[in-house]
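*Asks:* Generate a structure from the sequence data that follows.
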Amino acid sequence: MNKSKNFSVITLGCPKNTVDSELLIASLIDRGYKYSDNILESSFIIINTCGFIKPAVKQSIEVIKNVIQTIKDNGSNAKVIVSGCLVSRYKSRLAEELENVDAFFDTNSFLNIPDHIEKVGKGNKIISLSPYAPDYSSKLSKFVSTGYYSYVKIAEGCNHSCSFCTIPLIRGKYKSRPIEDIVKEIKKLLPIGIKEFILVSQDTSFYGFDIYKRLSLDRLLYSISELDGDFWVRLLYLYPTTLNKSALDVIAQSDKIVKYIDIPLQHVSSRVLKAMRRPGNKDFYKDLIYRIRKAIPDVVIRSTFIVGHPMEEEEDFEELVSFLEEVKIERAGFFKYYGEKNTLSYSLPQVDYKTKQRRYRVITSVQDKILKEWSYNQIGKVFKVLITEEDENYFIGRAYFDAPEVDSTIKIPKQKAIKIGNFYNVKILSFKEYDFYGSRVS
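*Replies:* As a prediction, the model looks like this:
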């Protein structure tokens, strides 16, 4: 087998990294290279890393070392290229610590890989650290790796200064894509069967302020909703102080935008939020959730919270627990705080590990009860479901309240009338652990 033009890409981290990898894969394919998911069939292996928090850094390093060991054990001469957030954060230090890596490209320069790939392994180690923002425009090809849904990056970077977060250091300031360009990307993807477009950025509700001088998510959503076709739009990573009434109104009125609000709150205690350099307080967030639910009937809210952040006393944690028990957010995820160097939180008094572990166990148990109560209340209801995959016994899909990778799925017994990639009306019959089971209805 001639594999001199074969390449593999391993993607770690968030959906925004998935977009970066898809653009890179398409760019290489456009130049005559062949994508393979088998690293032993490839001459070039690109690892797109995450470097957000310690577990992500650890995972990235482990994957890099495992790939190097695997190709060595199998006598492969493949060149290993590392890109992404880990490189942006730790830069040239990695060249010393990972001496068997052949080249490094950061989050700004990853699209330069096709220009340099033939030079990799032929002389000095390439370390490309570009000061310029990458191009995400619709003129670029895109390789969809996620099946019948596609992540669409509407902006890059972040203007917030959360004390625990390294993203502004890694990705830079917020930069929106023009509405027309995002719409063009979606129009290119509709003919190939994409049925769900998931809009992502670091602060999706801030969209457009840098180029239109006003919050413009409403204008973007309206433009997408005007497109012909049977598809969904989902929004991830909305910010509590930039999500305005105009955007909520468009979400409520459009039948193409799912009634799903992903809005990371991180905490509700005023003391902890101040230490996090986050806006708001418990009463503000209660009012926000009330306004969302009033504006959008049947809305499902997802949020994330950090436990064990510096300055979190027991009463702050109990305030967070009572908040969840009162407002009953349908979907919530939790993270234990990890101290990251070069962030403001790193210099604050830290909560001990055992306390963080205990609080994490308590709060996930509280949320499990909330989720189970909500899930059982969906039994007997009928929902529009996008079928995305199958196993031996079931077709598997998602309703509007299920984002891929983080939420539940709906399983339907196999029948000939169902095809992957289509929408069907499904009646929920039961709920087990984190999955629904249902049957198709006409």
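
*Asks:* What's the first helix or strand after the helix or strand containing residue 246?
*Replies:* Using DSSP states H and E, residue 246 falls within helix 245-253. Remark: after helix 245-253, the chain's next helix or strand is strand 257-262, criterion DSSP H and E.

*Asks:* in the lowest-mean-pLDDT helix or strand in the chain, what counts as buried?
*Replies:* Within the chain, no helix or strand scores below strand 126-128, which has a mean of 72 by mean pLDDT, DSSP states H and E. Residues of strand 126-128 classed as buried: 126-128 (neighbour count, 16 or more other CB atoms under 10 Å). The way it works is simple: take the backbone N, C-alpha and C, and place the C-beta from them, glycine included.

*Asks:* out of everything not next to it in sequence, what's closest to residue 137?
*Replies:* Excluding the flanking residues, the one nearest residue 137 by CB to CB, 6 or more residues apart in numbering is residue 181, at 5.4 Å.

*Asks:* which residues touch the one helix or strand the one you found maps to?
*Replies:* Using DSSP H and E, residue 181 maps to helix 179-189. With contact meaning CB atoms under 8 Å, 6 or more residues apart in numbering, helix 179-189 is reached by 137-138, 142, 144, 150, 152, 154, 197, 199, 208, 216, 219-220, 223-224, 227.

*Asks:* chain center to that helix, what's the gap?
*Replies:* 20 Å (CA atoms, centre = their mean, to the nearest Å).

*Asks:* Please pull up the helix or strand immediately following that helix.
*Replies:* Helix 179-189 is succeeded, C-terminally, by strand 196-200 (DSSP H and E).

*Asks:* Partner strands of that following strand, with direction?
*Replies:* strand 149-153 (parallel), strand 232-235 (parallel) (DSSP bridges).

*Asks:* Throw these into CSV and include mean neighbour count, mean pLDDT and distance to residue 297, thanks.
*Replies:* Listed next are the strands paired with strand 196-200 as CSV, based on neighbours: other CB atoms under 10 Å; pLDDT from 0 to 100; distance: least, CB to CB, whole Å:
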stretch, mean neighbour count, mean pLDDT, distance to residue 297
strand 149-153, 22, 95, 24
strand 232-235, 22, 97, 17
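
*Asks:* export the ones you listed to TSV and tack on distance to residue 102?
*Replies:* Output for those, formatted as TSV (distance: least, CB to CB, whole Å):
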stretch	distance to residue 102
strand 149-153	27
strand 232-235	38
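
*Asks:* Of these, which is nearest residue 392?
*Replies:* Nearest to residue 392, of all the strands paired with strand 196-200, is strand 149-153, at 22.8 Å by CB to CB.

*Asks:* ok, then the element right after that closest one?
*Replies:* According to DSSP H and E, the helix or strand after strand 149-153 is strand 155-156.

*Asks:* who's in contact with the nearest residue to residue 259 once chain neighbours are set aside?
*Replies:* Spatial nearest neighbour of residue 259, chain neighbours left out: residue 299 (4.6 Å); criterion: CB to CB, 6+ apart. Residue 299 makes contacts with 259-261, 292-293, as judged by CB under 8 Å, 6+ apart.
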